[in-house]
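A.B. asks: Mind folding the following:
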Amino acid sequence: MEALLIKKLARTISLVENESDGYEDALASLHPQNNIPIIGITGPPGAGKSTLINALISELTARNNKVAILAIDPTSPFNLGSLLGDRIRMSQHYNNPNVYIRSLATRGSLGGLSAKTIEITEVLKSAPFDYIFVETVGVGQSEVEIAGLADCTLVVFVPESGDEIQNMKSGIMEIGNVFVVNKSDRPGANEFISNLKKLLSEKKGHNTSELIPSVLATVAMKGEGIAELISAIQLYLSQAQTPSKRSLLLAEKVWQIIMHHQMKKYNKKDLADAIAKELNEGSFQLYDFIKKMES
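C.D. replies: Model (predicted):
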């Protein structure tokens, strides 16, 4: 992509992320392309999500695709700082003109995403990308928000996740469209894949209209299974983009944006100061405090 376009894209994202003057007008002037898929990648810490994205980028750009990545990093609840680690994790792709990588801090959001992720993905969809990847922070079952953003959600595990699989029947297990067992050259991978397929089949039950998620084995560090994973993503996208799913996905995005706008009147520092004052006075009661804040 042209350097001028990249600079414009970066400026617009910063404008939106910081809610600077004019950002709402900038969003309203966008003409996003709805045919650009957003691929969410989530899963427990240590599953190799960033390595998997690296491998996907290599394969897709080798096929002359243009790829954007939003890497979400956790924010400290105390100083609101964040280690934006994408430059370390994906440094090999930084000079590729067909790759755009951007870090976003969660800024206190508990769902694994930044509060501005939806708007920023709309900015990216206004640029000539073929795929947009969103990598969540890796906090486990609270990452279900990604299902309301992505056209296809990848859930990444490793073979050692086998002991946890029975505890994952809700939450993160409910949102996956494609399941990836990464580092599948480790012991126990075949058994874990078999158990995961069985669990997903049982989850579908008698609902014949529901697609059973694919389960794929990869070794991202070696590039193994990546072409098959891309094929599974493309197959899901071709089968799942029905008008009803599209309307539900857009409804979730609208709900998230409205909720964020409604929360603007609250400031965490002001809340903390007000709570500290009541604690010092010995008068703090959680639900009474909330009632006063809402009135």
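
A.B. asks: Secondary structure element holding residue 133?
C.D. replies: In this structure, residue 133 is located in strand 131-135 according to DSSP states H and E.

A.B. asks: In the stretch 151-295 of the chain, mark out all the helices, start to finish.
C.D. replies: Along the stretch 151-295 of the chain, the segments classed as helices by DSSP state H, counting those that start in this stretch run 172-175, 189-204, 226-240, 243-262, 268-281, 286-294.

A.B. asks: Show me what the third one is packed against.
C.D. replies: Think helix 226-240. The criterion is 3 or more Cβ pairs under 8 Å, 6 or more residues apart in numbering; DSSP states H and E, and the helices and strands that helix 226-240 contacts are helix 49-62, strand 152-157, strand 178-181, strand 214-217. Bear in mind the C-beta positions are built from the backbone N, C-alpha and C, glycine included.

A.B. asks: again, but for the fourth one
C.D. replies: Counting contacts by 3+ Cβ pairs under 8 Å, 6+ apart, the secondary-structure elements packed against helix 243-262 are helix 117-124.

A.B. asks: Report the inter-axis angle for the helix it packs on versus strand 131-135.
C.D. replies: Angle between the axes of helix 117-124 and strand 131-135 is 160 degrees (criterion: axes from the mean of the first three to the mean of the last three Cα atoms, to 10 degrees).

A.B. asks: Count the residues that sit near residue 180.
C.D. replies: Burial measure for residue 180: 27 neighbouring residues, criterion other Cβ atoms under 10 Å.

A.B. asks: picking that back up, out of the helices of the stretch 151-295 of the chain, which is the most enclosed?
C.D. replies: Each of the helices of the stretch 151-295 of the chain was scored by mean neighbour count; the highest is helix 172-175, a mean of 18, by mean count of other Cβ atoms under 10 Å.

A.B. asks: Show me which helix or strand of this structure is least confident by mean pLDDT.
C.D. replies: For the chain, scoring each helix and strand by mean pLDDT, DSSP states H and E identifies helix 86-89 as the least confident one, at a mean of 52.

A.B. asks: other SSEs contacting the next helix-or-strand element following it?
C.D. replies: Going down the chain from helix 86-89, the next helix or strand is strand 99-105, by DSSP H and E. Of the remaining helices and strands, those touching strand 99-105 by 3+ Cβ pairs under 8 Å, 6+ apart are helix 3-17, strand 67-73, helix 86-89, helix 117-124.

A.B. asks: partners of strand 99-105 in the sheet?
C.D. replies: The pairing partners recorded for strand 99-105 under DSSP bridges are strand 67-73 (parallel).

A.B. asks: Serialize the helices and strands packed on helix 226-240 to TSV and add fields for distance to residue 235 and mean pLDDT.
C.D. replies: As requested, the helices and strands packed on helix 226-240 are exported to TSV (distance: least, Cβ to Cβ, whole Å; pLDDT from 0 to 100):
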stretch	distance to residue 235	mean pLDDT
helix 49-62	15	94
strand 152-157	10	92
strand 178-181	9	96
strand 214-217	7	96
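
A.B. asks: between the ones you listed, which one is nearest to residue 92?
C.D. replies: Of all the helices and strands packed on helix 226-240, the one in closest proximity to residue 92, counting by Cβ to Cβ, is helix 49-62 (6.8 Å).

A.B. asks: can you give me how far the closest one is from the chain middle?
C.D. replies: On the basis of Cα atoms, centre = their mean, to the nearest Å, helix 49-62 is displaced by 16 Å from the centre of the chain it belongs to.
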